[in-house]
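Chemist: Just the structure for this:
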Amino acid sequence: MYKRKLLLTISLVGVIIGVCFVVNFYQIFFWSNTSFNNEASYLFIDRDDNIDSLELQLNPLLKSVDRFLLAAEKKGYINRIRSGKYKLVPKMGNNDLINVLRSQKLTVSVTFNNKERLEDLAIRLSEQLEPDKNLFLNSFYDPGFLKINGFTKENALSMYLPNSYNVFWDVTPENFRELMLKNYKLFWNKKRIEKAKNLGLNPIEVYILASIVHKESIKKDEQPRIAGLYLNRLNKRMRLQADPTVIFAHKRASGDFEKQIKRVLYKDLQLNSPYNTYKVKGIPPGPITMPDLSTIDAVLNYEKHDYLYFVASPNRPGYHLFAKSLIQHNLNKKEYIQWINSQKIYR
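Modeler: Just a heads-up that it's a prediction; the model follows:
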């Protein structure tokens, strides 16, 4: 009788221990450990994050960070933390949390357009992605990369096409750069390259000319006409005499790209700069902004005409008055100057 009671007691204790073990196991790995009620929470883990910095981020999101850390240690995650953006949903257990942080890195949609310089692009990217702006900039201006791919420091911006791209939040600047190069090559297909060749230009030169057209007008219906005018001037070996290049030249000379210049004065035209197309013939050494893709196509599919001059229209904001002769242009210009003076725009 005594032996039987002893065996029953031992068995009961064993069952209790087993139940406690199972309950504890499920509590650590499978019971809900999230404390937020919104549809989802997103976790951003930097490359230099460790378990301590991760713990600080998880603290407001979990019921028990200690149980998470215990599960993470058991699953070998503590020493193999992976950077990236991750999505956490309510009622996740630690096992699911760790599995997500191990293998379900999310992409983010990165959008940029019309940046004047790679410096501006680097700032824009650092606002949306994990790498610092200086890391992006060093990668963009890497001499070896530029040389191999046929770019210079002056025209390197022409490799970057404004659009939306899905990339990992912790993408390296080098991988992002490779993605941009891949898209550049896809955009410049045989058809576009052939059109550029028919203009007597290469893709980089088309991009630079498109940057000037974009600065002159954002009106899609007028851009092919402006492109045709500049191509006419190039074919006649005339200077482009584009005001936006003068503005860019002054910004570049001063180092102040936040400067607002609404009116180009005659004295501005005297600046010695390779970007001042009033003094230098041909296309500048680099783009003055990042043109829309449609503007690049506007250059490739330019409007054929005999216009050589144009000036902003006082009566149609955003549009221009075009002329085939200098006499007609001077009349248009006189009308424009009278209007801009009436608006009290002196600089």
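Chemist: show me the contacts for residue 71.
Modeler: By CB atoms under 8 Å, 6 or more residues apart in numbering, the contact set of residue 71 is 28, 29, 94, 95, 97, 98. C-beta coordinates here come from the backbone N, C-alpha and C atoms, glycine included.
Chemist: rerun that using 7 Å as the cut-off
Modeler: Residue 71 sits next to 28, 29, 94, 95, 98 when contact means CB atoms under 7 Å, 6 or more residues apart in numbering.
Chemist: Could you tell me which of those belong to helices?
Modeler: Counting by DSSP state H, the contacts of residue 71 place 28, 29, 94, 95, 98 in helices.
Chemist: ok, the first one touching residue 68?
Modeler: Looking back up the chat, that one is residue 28. No - counting by CB atoms under 7 Å, residue 68 is not a contact partner of residue 28; they are 8.8 Å apart.
Chemist: Pull up the overlap in contacts between these two.
Modeler: Counting by CB under 7 Å, 6+ apart, the shared contacts of residue 28 and residue 68 are residue 94.
Chemist: who has more neighbours, those two?
Modeler: With neighbours defined as other CB atoms under 10 Å, residue 28 and residue 68 compare such that residue 68 has more, 23 against 19.
Chemist: so how far is the helix or strand hosting that one off the chain centroid?
Modeler: Following DSSP states H and E, the helix or strand that holds residue 68 is helix 65-74. A distance of 38 Å separates the C-alpha centroid of helix 65-74 from that of its chain, computed with CA atoms, centre = their mean, to the nearest Å.
Chemist: Same question for that helix: list its buried residues.
Modeler: Buried residues in helix 65-74, counted by 16 or more other CB atoms under 10 Å: 65, 67, 68, 69, 70, 71, 72.
Chemist: Farthest pair within those residues?
Modeler: Of all pairs drawn from the buried residues of helix 65-74, the one with the longest distance (CB to CB) is 65 and 71, at 10.7 Å.
Chemist: after the helix or strand of the chain with the lowest mean pLDDT, next one along is what?
Modeler: Ranked by mean pLDDT, DSSP states H and E, the weakest helix or strand in the chain is helix 2-29, scoring a mean of 54. Downstream of helix 2-29, the first helix or strand assigned by DSSP H and E is strand 41-45.
Chemist: need the strands for the protein, in chain order.
Modeler: For the chain, the strands defined by DSSP state E occupy 41-45, 84-88, 107-112, 163-168, 309-312, 320-323.
Chemist: got CSV for the ones you listed, with mean pLDDT, distance to residue 288 and mean neighbour count too?
Modeler: Rendered in CSV, the data for those read as follows (pLDDT from 0 to 100; distance: least, CB to CB, whole Å; neighbours: other CB atoms under 10 Å):
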stretch, mean pLDDT, distance to residue 288, mean neighbour count
strand 41-45, 91, 35, 17
strand 84-88, 93, 34, 18
strand 107-112, 94, 16, 15
strand 163-168, 95, 20, 14
strand 309-312, 94, 18, 20
strand 320-323, 95, 18, 20
